[in-house]
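1. Structure of the sequence below:
(one chain, ligands or ions: 1)
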Amino acid sequence: MPVVLGPNRYGKAETRLVRVVRDGDVHHIKDVTVGSALSGDMEAVHLTGDNAAVLPTDTQKNTVYAFARKHGVAQIEDFAILLARHYVDSQPTVHHARVEIEEYFWDRIPGASGAGGGRHSFVRSGRETRTCVVHHDRDGSTTVVSGLKDLVVLNSTGSEFSGFVQDEYTTLKPTGDRVLATEVSARWRHLPGASPYGESYDEVRRCLLGAFAETYSLSLQQTLYAMGERVLNTRKEVCEVRLAMPNKHHFLVDLTPFGLDNPNEVFYAADRPYGLIEGSVLRDDTPDARFAWE
Ligand SMILES: O=c1[nH]c(=O)c2[nH]c(=O)[nH]c2[nH]1
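-> Reported below is the predicted structural model:
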């Protein structure tokens, strides 16, 4: 039976990079993880072991560090675009590059006392992780998807869930006042052309949080749509938002065995299983995504 090579790519996953910018004695840090994946004329390496077309993954790792020194790391999307274009433009055998970056936030440890207070001492932030995936193709097109993950949010009221299907297996009681909590994973696709990625990130995050807090929720699905809709109505550079939101269930504990009432105050925060609500919200004239989400 004939066998052929299917889609393939190769690269260096999870290159850890910390870049320190020294602004006098005030330092700034950028803490990122970079992954690159290249594809193109890679038949020979798979079929015969001829490595002539292969830019080693070790070189890809080195390129990340060299580019961090030469160009700095400002917005992760811009750094990913720089890398992706470099691989395609410098290597005739590379037709397509995918670069993904995660960024972890650090807060300054405040206070002027001590050696590093306020200037070069940091504490890892409890904030979400910022993400991006950039594709660059030999046909010249670049796609940028920005995102965040691990953004944990909770509304202690303003959420109900009722009117759902009741079949012979349904035991869930309708509720008119519940805790709604989730860990938001959001990714948003930029329209072609450069965006102000830093401002865009801050504003999309603000939209997501604002819509979560301000939507009176009849379901997590409704909240998800409201969050995506708020982003698209606010940010012109974004054409599609994809959200994945686990329902972090908070179950009211029955305290009657102890002679106590429980007026929506004491909850068991279950970690599994959890409902997983996923969806995308997009402009009706959104251009074709091509490989953007791959
Ligand atoms: O917001 C919700 N959506 C659901 O689809 C669902 N299903 C469920 O058991 N609880 C909830 N909550």
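2. Identify the residues contacting the closest residue to the ligand within the stretch 51-200 of the chain.
-> Across the stretch 51-200 of the chain, the shortest distance to the ligand (CB to the nearest ligand atom) belongs to Phe161, at 4.5 Å. From N, CA and C alone the C-beta is placed, and that goes for glycine too. By CB atoms under 8 Å, 6 or more residues apart in numbering, the contact set of Phe161 is 174-175, 178, 218-219.
3. In strands only, show me the residues you listed.
-> Among the contacts of Phe161, none falls in strands (DSSP state E).
4. Drop anything exposed from these.
-> Buried residues within the contacts of Phe161, counting neighbours by 16 or more other CB atoms under 10 Å: 178, 219.
5. re earlier: any idea what the residue of the stretch 51-200 of the chain closest to the ligand is bridged to?
-> Beta bridges link Phe161 to Thr175, judged by DSSP bridges.
6. Tell me the confidence at it?
-> According to the prediction, Phe161 has pLDDT 98.
7. Now do it against Gln222, distance only.
-> In this view, Phe161 and Gln222 are 10 Å apart by CB to CB, to the nearest Å.
8. Run through the residues of this structure sitting next to the ligand.
-> 161, 172, 219-221, 247, 275 (CB under 6 Å from any ligand atom).
9. Kindly indicate the member of those residues with the most neighbours.
-> Leu220 (22 neighbours; other CB atoms under 10 Å).
10. Where does pLDDT dip in the stretch 101-250 of the chain?
-> For the stretch 101-250 of the chain, the stretches flagged by pLDDT under 70 are 112-117.
11. Which stretches in it count as helices?
-> Ranges of helices in the stretch 101-250 of the chain, per DSSP state H, counting those that start in this stretch, are 197-214, 220-234.
12. Tell me which two of the residues of the chain next to the ligand sit farthest apart.
-> Spatially, the most separated pair among the residues of the chain next to the ligand is Leu172 and Gln221, at 15.3 Å (CB to CB).
13. what's across from Trp188 in the sheet?
-> Taking DSSP bridges as the rule, Trp188 bridges to Ser146, Val241.
14. contacting residues for it?
-> 145-147, 204, 231, 235, 238, 240-242.
15. Just send those residues back as CSV, with neighbour count too.
-> Output for the contacts of Trp188, formatted as CSV (neighbours: other CB atoms under 10 Å):
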residue, neighbour count
Val145, 22
Ser146, 26
Gly147, 23
Val204, 24
Val231, 24
Arg235, 20
Val238, 25
Glu240, 22
Val241, 27
Arg242, 18
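16. Just to check, Val281 is in contact with Asn233?
-> No: contact criterion CB atoms under 8 Å: Val281 and Asn233 do not qualify, at 10.1 Å.
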